[in-house]
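Participant: need the 3D shape of this:
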Amino acid sequence: MKNWISQNRVFLSALIAAVVLVLQQFAGSAAIDFKALGVALVIGVLGVAENYPDFEICWFGHIGDGNLHLNILKPADLSKDEFFAKCQVVNKYVFDTVKKYDGSISAEHGVGMTKKPYLEYSRSAEEIEYMKALKKVFDPQCIMNPGKLFDL
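Facilitator: Numbers count the residues shown, from 1 in each chain. Coordinates of the predicted model:
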């Protein structure tokens, strides 16, 4: 599968664009974020599947407001450490693609440790400073989730 995807990237990109255009024509006034759908398809077909040919990949979420979630399931025969190491291969690709299309690295579930280094991809320096200031107001001694989002 990986070789087939690599050899057919241009075809797959065109196919994804065509699918999105067709869906737009038939959707009428449906509240579907086709930009998010296209980004998800590009990430899924051209990036994630290429790096995870043997992993089960699940897309879920609520496409109406553009919040799509990517979940890569750990194979039973792979250790946790090996799995996380393999996941690092594609993280930057996924977040770079999201940034390119003005998406957000996080939806309603928060940033988390995986996305912590990429916060500036979807938040301005000013927004991050406001977030840090709020953290200091509500947690002046930094005892709630220390280091999870900010290293204060």
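Participant: care to break the chain down by domain?
Facilitator: Here the chain is described, according to automatic domain parsing, as comprising the domains 2-110, 122-152.
Participant: in terms of mean pLDDT, which of those ranks lowest?
Facilitator: Set side by side, the domains of the chain differ in mean pLDDT, and domain 2-110 is lowest with a mean of 68.
Participant: Ser104 is in contact with Ser122, isn't it?
Facilitator: Yes - with contact defined as C-beta atoms under 8 Å, Ser104 reaches Ser122; the gap is 4.3 Å. The C-beta positions use only the backbone N, C-alpha and C, and glycine is treated the same way.
Participant: mind checking which of those two has more residues around it?
Facilitator: Between Ser104 and Ser122, Ser122 has the larger neighbour count (other C-beta atoms under 10 Å), namely 17 against 14.
Participant: now do the same contact list for that one.
Facilitator: Val98, Lys99, Gly103, Ser104, Ile105, Ser106 (C-beta atoms under 8 Å, 6 or more residues apart in numbering).
Participant: all set, thanks.
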